[in-house]
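Novice: predicted model follows, preceded by the sequence.
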Amino acid sequence: MPDYSFIDSTNKSIRRAVKSILSKDPLFWGSEFGDPSDFLGWVDAPQESLNRLSNFALSVGDLQKEFESGVLLGFGGSSLSARTLTDMYGDISGLQFSYLDSTISSQIETLEKSMNLSRTLFLVSSKSGSTFETMCLFKYFFQKVSALSDRPNIGDQFLAITDKGSPLDIVANEHGFRMVLHGYPGVGGRYSVFTPFGVFPGLLAGVPVQSVLEGALYASKSTAQNGEFVFIEDLLRFLLNGLKRDRDKLFIYTDEGLEGMGLWIEQMLAESLGKSGLGIIPVVRSDNKRSAIERHDSMVVNIRVNEESNRKLALHEYSLVIDSPFSLGFQLFTWSLITAALGKLMGVNPFDQPHVESSKKAMSVILNSESGDTEISWDEQMKSASDLITSANYRDYIGILCYLPTSDKVLQLTKVLVDRIERETELVCTLHLGPGYLHSVGQLHKGGPENARFLMIGEKFSDESLALPGETYGFTKILEAQFNGDFLALKSFKKKVTRIRFVEGIENGFLRMFQDLHF
């Protein structure tokens with residue numbers, strides 16, 4: 001485990017970090033970071049969006065009347081920025097929202113069958129405008145809508161959220177999209193919750209966005225003289241001191257409706273800090289049935305709806321309250337702020353993601369290759385997986401990377417696996433659903449601490465049910481390339497990783513694994 005004793009967590013250092021980020025002080029960042037306006041645009045985003053809110057709202061009413069539902073096609077911050085708002089405060093007066101951040105064919109088909117395609121608005125969301133999976137999903141649904149719709153302009157059912165001049169911006173104009181909303185300069189994808197990436201889907205879903213933005217603005221205007229600033233400093237100090245006490249796992253327990261926020265914080269911490277062999281390992285759980293407070297390598301943050309106030313409950317446990325849209329905005333800005341401060345104080349760049357591209361490159365090579373994957377016998381897979389877990393050291397953690405459909409049954413079975421590993425090894429076990437996790441925690445897996453061991457679970461990847469227009473491959477081939485590509489990328493960074501593939505059905509695969517996996 002890394003030694004974090006070098007971190008300066010004095011009150012003076014913490015106060016300087018928070019104040020310098022809010023004031024965009026270039027001296028704090030140094031010449032290696034360049035102009036703060038290139039990476040701190042999110043500090044002013046709440047005010048910018050408040051200024052534009054009336055313009056955003058002009059088209060919302062018409063869209064809500066015309067469409068029954070909205071589907072956001074996007075990954076990472078392009079999706080989580082919206083979900084963290086709509087999960088908690090989406091209203092019945094707004095569009096019913098779904099999020100698609102998967103290339104798993106059965107999930108795509110299930111969503112497709114659940115909606116009236118002719119009355120669905122598709123939001124294609126990608127900051128770079130070149131996210132491969134997002135553009136594949138767009139191609140698929142644009143073709144589907146074209147085959148069913150009697151609209152003179154199919155693009156009327158599509159809306160893009162992207163940076164100006166991006167490939168998606170160009171595609172949207174070529175296809176006559178209903179609307180294109182541009183991100184703000186100097187705002188990275190995971191920091192974009194207060195820009196159109198979060199704000200506009202929130203408005204469509206009936207979220208009281210003005211109150212959310214006002215809460216964020218209040219946090220951005222905090223000064224050393226008020227209690228809110230003291231809370232921000234205290235939460236930052238809590239995390240820094242946890243790291244310095246060798247507690248690099250952060251359990252995040254969320255109440256119902258706050259799952260999206262938990263995943264948003266997970267990406268913020270993992271992608272911003274997981275570099276140079278350092279990082280906080282977020283472990284998101286939707287309930288507090290099993291406490292991690294006794295663990296010597298963990299911290300706990302509870303995010304609750306019914307709490308009186310934000311407060312530290314114990315040396316390594318903190319409780320946060322979300323009791324209004326205003327408080328949600330305040331907390332989201334606070335986590336953006338303390339993540340940036342953590343990165344600077346840890347000596348890493350909290351605004352880049354240098355290792356994410358490795359999985360994309362490996363996937364592309366596999367996708368365009370004619371050669372197939374080498375089959376490994378079940379017994380060999382079980383031995384490799386068992387050895388991976390049994391050889392883990394104290395303070396290591398096990399990461400389950402699951403490339404299976406997210407049905408209730410699969411989620412139940414993966415939870416059984418996680419619980420068994422934690423119970424029998426006394427190690428922390430994380431669960432990430434592929435391929436979406438590649439755009440959230442993938443950076444941490446490759447650039448973070450060396451105390452990780454990854455068990456990847458997939459299936460046969462044989463039946464190609466969903467073809468892509470104009471391509472020689474479909475979504476099953478894409479998923480297989482992502483599964484194997486991330487395996488190769490992890491191996492290239494000398495990470496401890498192995499794969500299991502279920503070839504006789506998912507439930508049967510789990511049952512056999514529970515029987516044959518020994519640790």
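Specialist: Perfect, I can see it now.

Novice: next helix or strand past whichever strand or helix holds residue 500?
Specialist: Per DSSP states H and E, residue 500 falls inside strand 496-502. Using DSSP H and E, the next helix or strand after strand 496-502 towards the C-terminus is helix 506-516.

Novice: touching that following helix from outside, list them.
Specialist: The contact list for helix 506-516 (CB atoms under 8 Å, 6 or more residues apart in numbering) reads 378-379, 382, 385, 404-405, 409-410, 413, 416-417, 420, 459, 500, 502-504. In short, each C-beta sits where N, CA and C put it, glycine included.

Novice: restricted to strands, list those residues.
Specialist: Under the assignment DSSP state E, the contacts of helix 506-516 contribute 459, 500, 502 to strands.

Novice: format these as a markdown table; extra columns: pLDDT, distance to residue 26 and neighbour count.
Specialist: Below are these laid out as a markdown table (pLDDT from 0 to 100; distance: CB to CB, whole Å; neighbours: other CB atoms under 10 Å):
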| residue | pLDDT | distance to residue 26 | neighbour count |
| --- | --- | --- | --- |
| 459 | 93 | 51 | 21 |
| 500 | 97 | 49 | 20 |
| 502 | 96 | 53 | 20 |
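
Novice: nearest to residue 245, of these?
Specialist: Closest approach between the ones in strands among the contacts of helix 506-516 and residue 245, by CB to CB: residue 500, at 34.9 Å.

Novice: that closest one touches residue 454, doesn't it?
Specialist: No - contact between residue 500 and residue 454 fails when scored by CB atoms under 8 Å: they sit 11.3 Å apart.

Novice: quick check: residue 8 vs residue 241, distance?
Specialist: Counting by CB to CB, to the nearest Å, the gap from residue 8 to residue 241 is 12 Å.

Novice: Three-state assignment for residue 214, please.
Specialist: Of the three states, residue 214 takes helix under DSSP: H, G, I helix; E, B strand; the rest coil.

Novice: contacting residues for it?
Specialist: Counted by CB under 8 Å, 6+ apart, residue 214 has contacts 46, 50, 326, 329.

Novice: contacting residues around the first one?
Specialist: Neighbouring residues of residue 46 by CB under 8 Å, 6+ apart: 194, 213, 214, 216, 217, 220, 329, 333.

Novice: that one: which element?
Specialist: helix 45-57.

Novice: can you mark which positions in that helix are buried?
Specialist: Buried residues in helix 45-57, counted by 16 or more other CB atoms under 10 Å: 45, 46, 47, 48, 49, 50, 52, 56.

Novice: which residues touch the fourth one?
Specialist: With contact taken as CB under 8 Å, 6+ apart, residue 48 is in contact with 184, 194, 195.

Novice: now do the same for it: its pLDDT.
Specialist: Residue 48 carries a pLDDT value of 98.

Novice: and the first one, by the same measure?
Specialist: In this prediction, residue 45 carries a pLDDT score of 98.

Novice: doesn't residue 327 lie inside a helix?
Specialist: Yes - Residue 327: assigned to a helix according to three-state DSSP.

Novice: re earlier: and the helix holding residue 46, how far from the chain's centre?
Specialist: Mean C-alpha position of helix 45-57 versus that of the full chain (CA atoms, centre = their mean, to the nearest Å) differs by 24 Å.

Novice: residue 8 and residue 241: which is more packed in?
Specialist: A count of neighbours by other CB atoms under 10 Å puts residue 241 above the other of residue 8 and residue 241, at 16 against 11.

Novice: ok, so of the contacts of residue 48, who is nearest residue 160?
Specialist: Distance to residue 160 across these (CB to CB) is lowest for residue 195, with 13.8 Å.

Novice: re earlier: TSV please, covering the buried residues of helix 45-57 and showing distance to residue 262.
Specialist: Formatted as TSV, the buried residues of helix 45-57 follow (distance: CB to CB, whole Å):
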residue	distance to residue 262
45	22
46	21
47	27
48	26
49	23
50	26
52	28
56	26
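
Novice: out of these, who's nearest residue 125?
Specialist: residue 56 (14.8 Å).
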